[in-house]
Every structure is written in C-alpha cells, then in structure tokens.
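Q: Sharing a model prediction with you, sequence too.
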Amino acid sequence: MRQRRHRAATFTASVLTAGALFSLALAPGIEVKPPGKGDDPPARQPSALNFGAFLDSGALGVKQIAGLEKWLGGTDIKVGHTYLPGDSWLDIEGGAGFLDPWAAWRRERPDRTLVLNVPMQALNEVEVPDNRVRRLLARGARGQYDEHFKKLAERLVELKIPDTIIVLGWEMNGTTYTHRCGPDPAAWKKYWQNAVAAMRSVPGQKFRFDFAPSRGRDAVPWTECYPGDDVVDIIGMDSYDQPPARNFDEEVKEPYGLQQQVDFAAAHKKPISYPEWGLFRNGDNPEYMRRMLAWMDLHKPVYNTITDYCPHGVWGCAENPRSSEVYRSLLHGQTVPTPQPSTPTSPAPATPVSPQPATPPLPATPPLPSMSTKPVAPVAPKPPENCSPVDLGSWVEYWMGGKLCVRLDWYSRRS
C-alpha cells in the first residue's frame, strides 16, 4: 500500500488554481541541481498553464485567494478547486450551502473555472473492508445511486455553474477511499458510467469528467478502472514526490507513472490534468519542484493544483523553504489579460443624400432710385478784377488755400 497524506472524514479539501502563463526560467540566486539524465526539457519560456494550491475548505479557501495572489506577485487566479464532503449522500448532492461561495466566486468572471471532486460513496474515508466495498459497487452498477448524482447536477445548474469540471471517484486505484475500484473493477466502471449518465441527463449541463488515479500501480493498475472514452473528458493523475520512486526520472518512467499517463491520454485523444501534486516523503526537494513544473510546461495539462499544507506545500508550509523559493520564482507575477470578446465593427451605413432642389438665382438687385437733385460741383472763386493768377502747382496752391493773383495795375498804383 502506498502511504500518502490522509484527509479526515469531515475535512473537505479545496484547491485554488490560476489561469495564467508561467515561466520556467529560474530567477537569479536560486541554486538547483541540473536534471541529470532526465528526459524532460530544461526550463523554457512561459506557456499556458492553470496552477494553484490547496488553501482551505469552503468559504475560507475562497477568501484566501487574495493572499495567494499577493504572494505570487499579483498572479491572477482563474480556477477554483474544491472537494465535496464524503460523509453522507446529502453532502454528495451538494446540499447545506457548501457550494455557494465557490459558485459566487466562479460567477464573478466568465473566464474562471470550477473543479469539483465528487466522492462516489458516502462515508468515503472510513476504513471499509473490500467485501463491503464490493457490495456497494454492485449497487452502483445497478443504478441505485443515480438519483444522488442527478440532484448534484441539478444543484450545479441551479447555481449557474453548469460547466464545472467533475473529478469523480479520484484515486480509485488505491486503498484510501470507499469508492475504490480494486474490489470489483467491472462494477466500478459500470457505476461510473451510470453516475455520468445521470449528471448529463440534466438540462443545461456542460460538465467535463476527469478520471484521476494516483501515480503508479498502487493497489490495482489504474488502466483496469478506465470506464471508457464516451464518459471521460480528461485523464488526470495525483502525483506526489514519494517512494517507491526515488527521483523524478523514476516518477516519469515507473509502470503507470507520468509517462504512461501522457501516452494513454494521447492514445485516447484526451487532455491531461494534475489535480493533486506536491512534496511528500522525499522532503524539501527543489529538484522535484523544478522538474515537475517543467514536465507540466511541456505537456500542457488542463490544470494542476499543488497541495499546500505540510508536508506537501510551498506557501502554507514553512518546512520546504528551498522548494518554496523555486515555486514562487517560477510562478511570480504571471498575469494574463482577461480576453475580451471582439466586437465586430460594421461599417456605418451611408447616409442617403436626398436630392435638393436647385436654388433659384437671386433676383438682380434693383437699381437705386435716381436722386431728384445732383450734387453741384464747387464753383471756383473768380479772381478779382485787374488780377492775373499765377500757376504754382496743385501742391503749393493746396497749402496756400488757392491760386496766387498778381494785380496788373500795381505799378500805376505805386505812383
């Protein structure tokens, strides 16, 4: 049995993810060993990934988004991920208002996505023996639980989040959960098919279903649990840094490991995801952190969500300072503008020009009426008798006030 982190029966994990681009070029000052003989490529330029971290369950997880964004230098978180409680069928139906804060967060922006893990059994984390699990799976295969999944679908549509990604019966290849596959794989697959059909029967739904085993063989090869291409939209994997793999190369190459997941998804023409990943029994391992991010940069999962409590995390766990430094430096300040739908610009219709009547010519201005009297030209004063005028020119005459007159009898008057 592969030992891994355990959720309490009353504890519901929630994970916050971001739609963002992230760079895989290490920031200066971070000392990380080279990948050695690994086949994954070195860190590259940013690529489109949705990344996140478990923060807390329910409404508190939603409220902590701002803190995570601030720690990551303003990175925009666009995807939220939470788990329905597995204590009762009422929980699995989405009752008691648990989904309300997540639905409100999702509806705030059209570019956000909600990922929801849905248990396939009540009392899902109680240690139920295999013979009882086998009987429960048989009931599911006969459709006895269909109504619970239909009610969940109706609740999601009612909350206006009909495009939620459903991670149904996760880690079915292990031994942790009551909804495990190992006791009867054939019945498990039929049960999954029934649950998906019940949810898809609800008008308005647009769900995508994520098949997410844990990495490696675990209790049963996860390929034996695959329920079929018609009822699976995404092929995920929960992958922690832990034995039996001693390093990242072994996590890639082990049977039913990371490479087999990618190859299996490609063969079935499905995208991949990593709903859970993080540090575990190999301690504070910056090499794992760098290479897992590089792996996801190469293979472009629909989303990935690191588990951010101790011993797995980076922000909410102080036990992994070196891995935290790598994670933060690679994802810091990655923002993607929210795409806005382009508004087609239609050419403005030409304003029709109505023909205007020709402007008639203005009538000729009538002649001014003739004046009854004409101006009289000034009469030049007559020179005095016995005086002969002297022509001195108009300029001199202007200043003298007239012509100069010389009397002809001046000589006789002198005597």
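A: Looks like it came in fine. Numbers count the residues shown, from 1 in each chain.
Q: CA atoms for contacts and neighbours, from now on please.
A: Noted.
Q: just checking, what packs against the host helix or strand of Ala104?
A: Under DSSP states H and E, the secondary-structure element containing Ala104 is helix 100-107. Judged by 3 or more CA pairs under 8 Å, 6 or more residues apart in numbering; DSSP states H and E, helix 100-107 is in contact with helix 58-63, strand 113-118.
Q: How about the very next helix or strand once past the first one, which residues are buried there?
A: So that's helix 58-63. Following helix 58-63 in sequence order, the next helix or strand is helix 65-71 (DSSP H and E). Of the residues in helix 65-71, Ile65, Leu68, Glu69 count as buried by neighbour count, 16 or more other CA atoms under 10 Å.
Q: Next one: Val115 relative to Tyr83, how far apart?
A: 8 Å (CA to CA, to the nearest Å).
Q: Looking at the two, which one has more neighbours?
A: Val115 (25 against 22; other CA atoms under 10 Å).
Q: That one touches Leu84, doesn't it?
A: No. Contact between Val115 and Leu84 fails when scored by CA atoms under 8 Å: they sit 10.7 Å apart.
Q: what sits in contact with each of the two?
A: Here Val115 and Leu84 share no contacting residue, scored by CA atoms under 8 Å, 6 or more residues apart in numbering.
Q: Pull the residues that contact the helix holding Ala104.
A: Around helix 100-107, the neighbours that count as contacts under CA under 8 Å, 6+ apart are Gly58, Ala59, Val62, Gly80, Arg112, Thr113, Leu114, Leu159, Lys160, Ile161.
Q: One more: stretch 137-153?
A: Defining contact as CA under 8 Å, 6+ apart, one finds that stretch 137-153 is touched by 89, 92-94, 162, 179, 184, 187-192, 194-196, 198-202, 205.
Q: and Leu159, how many residues sit next to it?
A: Number of residues near Leu159 (other CA under 10 Å) recorded here: 16.
Q: Could you find the closest non-adjacent residue to it?
A: Nearest non-adjacent residue to Leu159, counting by CA to CA, 6 or more residues apart in numbering: Ala103, 6.3 Å away.
Q: Surely Pro247 is in contact with Pro286?
A: For residue 247 the amino acid is Asn, not Pro. No. The pair Asn247 and Pro286 does not pass the contact test of CA under 8 Å, sitting 11.5 Å apart.
Q: Neighbour count: the two, which is higher?
A: Neighbour count, other CA under 10 Å: between Asn247 and Pro286, Pro286 has more, with 22 against 16.
Q: I'd assumed Ser329 was in contact with the more buried one.
A: No. Counting by CA under 8 Å, Pro286 stays clear of Ser329, with 11.6 Å between them.
Q: that older thread, write the PyMOL selection for whichever of the contacts of helix 100-107 are buried.
A: A single PyMOL command selects the buried members of the contacts of helix 100-107 (16+ other CA under 10 Å):
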select buried, resi 58+62+80+112+113+114+159+160+161
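Q: Please tabulate the contacts of helix 100-107 in a markdown table, including the columns pLDDT.
A: Below are the contacts of helix 100-107 laid out as a markdown table (pLDDT from 0 to 100):
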| residue | pLDDT |
| --- | --- |
| Gly58 | 86 |
| Ala59 | 88 |
| Val62 | 85 |
| Gly80 | 85 |
| Arg112 | 85 |
| Thr113 | 83 |
| Leu114 | 91 |
| Leu159 | 97 |
| Lys160 | 97 |
| Ile161 | 98 |
